[in-house]
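# Need coordinates for the below:
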Amino acid sequence: MTYPPNVRTAPQSAPGHAPAQPPARPAIQPPAHRGAWAVGKERLRTAATTEPGRLQIIGAVLAALVVAFGAVTAFEISDRASAADDVVSRSQPLSADAASIHRSLADADAAAANGFLAGAEEPRAIHERYEKDITAASRLLINAAANTDSSTESGRQIAALNEQLPRYTGLIERARANNRQGLPLGGAYLRYANLKMSNELLPAADKLYQAETKRLGEDNDDARDWPFVSFGLGVLVLGALVWAQRRNYRRTNRMFNHGLLAATAASTVVVLWLIVGHSVARAELNNAMEGGQESLKALNSSRVQALQARANENLAVVSRGAVLTPDGKNDQYEFNYTNRMDAVGVTLTSAKDLADDSEGRDPVADATNAVAEWRTRHKKARATDNGGDYDSALQQIIGPKASTGQSFDTVDAALRRAIDHEQREFTASATSGRGALDGLPVGAAALAVLGAAGAVLGINRRLSEYR
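I've put the predicted structure just below:
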């Protein structure tokens, strides 16, 4: 068979063999799978090449920034408000309770010594004062234990006080029992009880007060801490909104975009509210600490020192020089009395300097004058006792007229008035500081939602021009 030139024919297979197969074609590879992140980046890149796409991106970023600003502000201010609430309702009351425990114990010791001096039949008023002090200290210790972790310094001091207080009261009862029988052993029990009070109970009470006051300071610092993240985000949001409106003006020659303007207004309100509210809270809390708590610290110290001075004054009469200082030259209780009175003078001067109004200064001035009178009467009573007239000296110490006991009562009453005033001042300032933050977390969140909605609506208004 003849074929035309250039015509290609399929090769013929030899007889008995299968026909030849055509060469295999290379397989077509399916496109590689792309992750969501890659697809998103590609879409974002594509969108950024058109004005509508850019506007959508700007709107989303603005809304996210405004919402983030509101959320962070709500979180930070809620934290500050919680700390301010702790100052008012937890840490300061616990600090005040610790100071009351300290005062009650010192007053109980002074009352016990005073009752012992009065003779075998302890005056009812003095006995009731002692019992009231012990009851108050026990009740406050129970309350403090219920609000304190036992592993903390406060918890350890509360445990020590709860352990030692029954031992102290037991010694006082033994002193009374021996005193009623006219036995000199009563004086020894009284001195031993005073030693336990001075060396164990009062130091533990002071450590408890210091620990609670430290916690108060920490809560106050937390409440006054500047919300720097919120401030930073606020500035960023306002800057972004101003930039978006400036861009809108340059591209459309329109002065205002109502949605973006509303978002800017809402964000501005949050920023101003944040600045003003937190500044007022800081100022009030700072005033509470410097004008109230520092004064309370000086006044509480003055009162405890005065109570201890009174106890040592009474014990000096009880011991009649039987207890000497380690060098053997001076009466131990007279030495302690002098040191305590010197300390009262120092703390009263500090309290006077810290008082910021006449209602706070006047009681301190009364206490200062009464301390001077107390010192004069004490010196006269000691001279009388040293002259051998014990009965007259005793009347000059515990008598109803012109006695050191009268001077002490004046000091104590004046300090109580000053403490009550400063406590009210602290509570008023701290409460105002807490109140300055009220509503800000919720308000910031609500305004942020409105601001984000305004930003989205403003951008959508521009997008509608492209449809």
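# separation between the closest residue to L450 other than its chain neighbours and W273?
Closest residue in space to L450, ignoring its immediate chain neighbours: A266 at 4.9 Å, by C-beta to C-beta, 6 or more residues apart in numbering. (Each C-beta comes from the backbone N, C-alpha and C, glycine too.) Separation of A266 from W273 (C-beta to C-beta, to the nearest Å): 11 Å.
# Of those two, give the one with the bigger neighbour count.
Remark: of A266 and W273, A266 carries more neighbours, 26 against 17, as counted by other C-beta atoms under 10 Å.
# List phi and psi for that one.
Phi and psi for A266, reported as degrees, to the nearest 10, are phi -60, psi -40.
# Renumber starting at 4 from here on
New numbering, starting at 4: the last item is A269.
# from memory it sits against A451, does it?
Yes - counting by C-beta atoms under 8 Å, A269 touches A451, with 7.3 Å between them.
# who touches both of these two?
Common contact partners of A269 and A451 (C-beta atoms under 8 Å, 6 or more residues apart in numbering): V69.
# where do the strands sit along the stretch 104-253 of the chain?
For the stretch 104-253 of the chain, no strands are identified by DSSP state E, counting those that start in this stretch.
# For it, just list every one of the helices.
Along the stretch 104-253 of the chain, the segments classed as helices by DSSP state H, counting those that start in this stretch run 127-149, 156-183, 188-199, 205-227, 231-255.
# between these, which one is nearest to T341?
Nearest to T341, of all those, is helix 188-199, at 16.4 Å by C-beta to C-beta.
# if we look at that closest one, which residues are touching it?
Helix 188-199 is contacted from outside by 112, 115-116, 119, 167, 170-171, 174-175, 177-182, 314, 318, 321-322, 326, using C-beta under 8 Å, 6+ apart.
# Likewise for stretch 440-454?
69-70, 72-74, 76-78, 80-81, 83-84, 87, 240, 265-267, 269-270, 272-273, 276-277, 280-281, 284.
# same thing with stretch 423-432?
By C-beta under 8 Å, 6+ apart, stretch 423-432 touches 91, 95, 99, 287-288, 290-291, 294-296, 298-299, 302, 358, 362-363, 366.
# Among these, which lie within helices?
If you go by DSSP state H, the contacts of stretch 423-432 have Q95, A99, E287, L288, N290, S298, L299, L302, E362, G363, P366 in helices.
# Out of the residues you listed, name the two that are farthest from one another.
Longest span within these, C-beta to C-beta: L288 and P366, 24.9 Å.
# avg pLDDT for the longest helix along the chain?
Secondary structure of the chain per DSSP H: the longest helix is helix 54-89. The average of the pLDDT scores along helix 54-89 is 90.
# Summarise which helices and strands that helix is packed against.
Packing partners of helix 54-89 (3 or more C-beta pairs under 8 Å, 6 or more residues apart in numbering; DSSP states H and E): helix 39-50, helix 205-227, helix 231-255, helix 261-290, helix 407-438, helix 443-466.
# Now the ones you listed in JSON lines, please, with extra columns for mean pLDDT.
Formatted as JSON lines, those follow (pLDDT from 0 to 100):
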{"stretch": "helix 39-50", "mean pLDDT": "61"}
{"stretch": "helix 205-227", "mean pLDDT": "94"}
{"stretch": "helix 231-255", "mean pLDDT": "90"}
{"stretch": "helix 261-290", "mean pLDDT": "93"}
{"stretch": "helix 407-438", "mean pLDDT": "94"}
{"stretch": "helix 443-466", "mean pLDDT": "89"}
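# and D394, which of those helices is closest to it?
Nearest of the helices and strands packed on helix 54-89 to D394, taken as C-beta to C-beta: helix 407-438 at 15.4 Å.
# For that closest one, list every residue counted as buried.
Neighbour counts over helix 407-438 (16 or more other C-beta atoms under 10 Å) mark 407-411, 413-415, 417-418, 420-422, 424-426, 428-430, 432-438 as buried.
# sorry, back to before: in contact with the residue nearest to L453, which residues?
By C-beta under 8 Å, 6+ apart, the neighbours of A269 are V69, L450, A451, L453, G454, G457.
# Need these in CSV (columns: neighbour count and distance to A162).
As requested, the contacts of A269 are arranged in CSV below (neighbours: other C-beta atoms under 10 Å; distance: C-beta to C-beta, whole Å):
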residue, neighbour count, distance to A162
V69, 31, 52
L450, 22, 49
A451, 26, 48
L453, 19, 54
G454, 30, 53
G457, 25, 59
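# Out of these, flag the one nearest to V349.
Distance to V349, by C-beta to C-beta, is smallest for L450 among those, at 52.2 Å.
# how much space is there between that closest one and P366?
47 Å.
# before we move on, the earlier item: now the helices and strands packed on helix 54-89 as TSV including distance to K135?
Listed next are those as TSV, based on distance: least, C-beta to C-beta, whole Å:
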stretch	distance to K135
helix 39-50	74
helix 205-227	17
helix 231-255	50
helix 261-290	34
helix 407-438	14
helix 443-466	44
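# which one of the ones you listed lies closest to G62?
Of the helices and strands packed on helix 54-89, the one closest to G62 (C-beta to C-beta) turns out to be helix 443-466, at 3.2 Å.
# What angle do helix 231-255 and that closest one make with each other?
Counting by axes from the mean of the first three to the mean of the last three C-alpha atoms, to 10 degrees, helix 443-466 lies at 20 degrees to helix 231-255.
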